[in-house]
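J.: A structural model of the following input is requested.
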Amino acid sequence: MLRFKGRKDVHKNILDLGFPLLLLTSAIGISIYGFIKDFALLTWFPLLGVFLSVTQLKYWLRKLNRKMHWWFEHFGGMLGCSIATITAFVVFGAPRLLDIETVSILLWFLPTMILTPVIIGLSIYYTKKFNGSKNSNI
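T.: The predicted model follows:
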């Protein structure tokens, strides 16, 4: 991110596009597999990967005019990784520590439902901070 923080134009480096494209194709594939096997978790949870990959592709494939665009992308990525880590702990680690046999599907989505509004709120706050009080490209 830091290496390209000064970019203004479309960025088509295959390494930077490859990971979001891999995430997109694997998420779609797993979702289809979940639908075929009638497994709700595998059908719906990969849609988060679709959303994240499309967000990353949009960042690399568009011209940028937002101040600190690189900071927002890095910030979103860090919080997205936090969501994944918390989800993994809540779904796999905590039940083993507490000797719980089953986990509600709600627990798979709870970290996302709680932290997504935090990401949006912080994004709005820092957009105002970095761009003054004007509202640009939120």
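J.: ok, so what distance separates Gly121 from Ser82?
T.: Distance of Gly121 to Ser82, given as C-beta to C-beta, to the nearest Å: 15 Å. The way it works is simple: take the backbone N, C-alpha and C, and place the C-beta from them, glycine included.
J.: Tell me which of those two has more neighbours.
T.: Counted by other C-beta atoms under 10 Å, Gly121 and Ser82 do not tie: Ser82 has more neighbours, with 14 against 10.
J.: then the helix or strand of the chain with the lowest mean pLDDT to CSV, C-alphas only?
T.: Using mean pLDDT, DSSP states H and E, the weakest-scoring helix or strand in the chain turns out to be helix 94-98, at a mean of 82. Backbone C-alpha positions of helix 94-98 (Å, rounded to 0.1, in the frame of the first residue of the first chain) are rendered in CSV as follows:
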residue,chain,number,x,y,z
ALA,A,94,-14.0,-20.2,22.3
PRO,A,95,-16.3,-23.2,22.0
ARG,A,96,-13.3,-25.5,22.5
LEU,A,97,-12.1,-23.5,25.5
LEU,A,98,-15.6,-23.5,27.0
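J.: Next up, the contacts around the residue nearest to the spatial centre of the chain.
T.: A centroid search over the chain (C-alpha atoms, centre = their mean) returns Leu52, at 3.9 Å, as the residue closest to the centre. Applying C-beta atoms under 8 Å, 6 or more residues apart in numbering, we find Leu52 in contact with Pro20, Leu23, Gly80.
J.: sec struct for Gly6, please.
T.: Under DSSP: H, G, I helix; E, B strand; the rest coil, the three-state class of Gly6 is coil.
J.: what do you get for Lys63?
T.: At Lys63 the chain is in coil, as set by three-state DSSP.
J.: Give me the phi and psi for it.
T.: Dihedral pair for Lys63: phi -70, psi 140, per degrees, to the nearest 10.
J.: same check, this time on the one 4 residues further on
T.: Dihedral pair for Lys67: phi -60, psi 140, per degrees, to the nearest 10.
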